[in-house]
Structure formats: structure tokens, C-alpha cells
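# starting from these lines, generate the structure:
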Amino acid sequence: MIFENWMTCEKLVDDGDYTIGYVDGKPAQWDGKNELLEGEDFRPAKEGNTFGVNFQNDYVVENGVWVGNSGHGGKREGSGRKPTGRKQRSIWLNEDELDKVRDFVKSLRDE
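From the prediction side, this is the model:
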């Protein structure tokens, strides 16, 4: 499509060769690293289109908007350390008290 004088252009990010942003509030991509000028060509971005910066898919079109993508995939069910219910606590003890507390905690966990 050709950018017309009455259209609005909002640049989001570029990788040096190509740019993504919005033309009249809709996601688009174009060549170069500047905002569009009258008569320049742009391509409307469709749902699921991706744009990578530094060899990663950093942006994807979701529900008509460019959304940043960390590239880490997000949470997966069942992944990560299982919660133990324990929390770290700080208390001041002398050596004798520390030995007694350790013995007591060990006896609780052995039950």
C-alpha cells in the first residue's frame, strides 16, 4: 500500500533495515528505519506476523496490536521448583542455642 498525506504514521521500532509501527492505528511494517513519507510503500501486518530485532522474534501482532515477546516462552505447567511451604527466617542465637535449634528442627522433620 502507498502512504498518503492524510494518513498517520507511528514508528514503534526498527532493526536498521525494516521498521514496524502503526499506519492509521493499524499494525504495519515498511522498509527503512524512519517514519513513512507520502508516496512510500508499507505492508499491513496481519494477526500472528512477527518482527525480530537482534535475530529474535521480539514482536508479534495479537488482536491488532504489536506486542513485545520476550522469546523465553513463558510458564509451562509443572515446571519449576515445587513449593515446600518453608520461608527463610532470621534470629540471633549463640552457638549453644543454634545447636539446640538445629537438633529440634531435625527432630520435627524426622517425624
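# what is the neighbour count of Ala45?
23 (other CB atoms under 10 Å). (Each C-beta comes from the backbone N, C-alpha and C, glycine too.)
# no no, Lys33
The local packing of Lys33 (other CB under 10 Å) involves 13 other residues.
# what sits closest to it if chain neighbours are left out?
Asp14 (4.0 Å; CB to CB, 6 or more residues apart in numbering).
# tell me the bridge partners for Tyr18.
Asp31 (DSSP bridges).
# got any ranges where this structure has weak pLDDT?
Residues of the chain meeting the criterion pLDDT under 70: 53-57, 69-76.
# all helices for it, in order.
Ranges of helices within the chain are 95-110, based on DSSP state H.
# how close does the residue of it positioned farthest from its centre sit to Phe104?
What lies farthest from the middle of the chain is Asp96; by CA atoms, centre = their mean that is 49.7 Å. Separation of Asp96 from Phe104 (CB to CB, to the nearest Å) stands at 13 Å.
# quick one: end-to-end distance for stretch 50-61.
Terminal residues of stretch 50-61 are spaced 7 Å apart (CA to CA, to the nearest Å).
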